[in-house]
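1. Structure, please.
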Amino acid sequence: MGLCLISAKEIETYRRRWNAYLIDLRDPEDYRQWHIPGARNVPVEELEAFMEHASKERLLIFYCQHGNASVQEGCRYVKRGFRICSVAGGMDAYQF
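-> I've put the predicted structure just below:
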């Protein structure tokens, strides 16, 4: 399975259907200013340590500000056997 790209509008569907865990890859200051409800802040520089304890069975949804870092990091972890989706366009696309 490769990296799955989803729209901002699909986040809740994926969370409910697959009990997906939402991960905000932005820095803590950006997270504090505005984030998707229910997301956990794991900045990119802390992601490796977080993923050491993450389940490969549970779907993870990554997002960042523009969608670039989440795709890059998502591809990296898909190659390691994780189930990852990335929010296309990141927070720029999330306007709920």
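2. Centre-most residue in this protein?
-> residue 62 (0.9 Å; CA atoms, centre = their mean).
3. what's the closest non-adjacent residue to that residue?
-> Once flanking residues are discounted, residue 62 sits nearest to residue 70: 3.9 Å by CB to CB, 6 or more residues apart in numbering. Yep, even glycine has a C-beta here, placed from its N, CA and C like the rest.
4. which element is that neighbour on?
-> Using DSSP states H and E, residue 70 sits within helix 68-78.
5. which helices and strands sit right next to that helix?
-> If you count contacts as 3 or more CB pairs under 8 Å, 6 or more residues apart in numbering; DSSP states H and E, helix 68-78 packs onto helix 44-51, strand 60-63, strand 84-87, helix 90-93.
6. I'd like the ones you listed as TSV, with distance to residue 37 and mean pLDDT appended.
-> Shown next, in TSV, are the helices and strands packed on helix 68-78 (distance: least, CB to CB, whole Å; pLDDT from 0 to 100):
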stretch	distance to residue 37	mean pLDDT
helix 44-51	20	98
strand 60-63	13	99
strand 84-87	14	98
helix 90-93	13	96
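7. Please verify my assumption that the residue nearest to the centre of the chain contacts residue 75.
-> No - contact criterion CB atoms under 8 Å: residue 62 and residue 75 do not qualify, at 10.1 Å.
8. For residue 90, give its distance to residue 48.
-> 20 Å (CB to CB, to the nearest Å).
9. neighbour count winner among these two?
-> residue 90 (22 against 12; other CB atoms under 10 Å).
10. Report the separation between the more buried one and residue 43.
-> On the measure of CB to CB, residue 90 and residue 43 end up 14 Å apart.
11. Next: residue 11.
-> Taken as CB to CB, the span from residue 11 to residue 43 is 20 Å.
12. ok, these two, which is more surrounded?
-> Neighbour tally, residue 11 and residue 43, criterion other CB under 10 Å: the higher count belongs to residue 11, 22 against 17.
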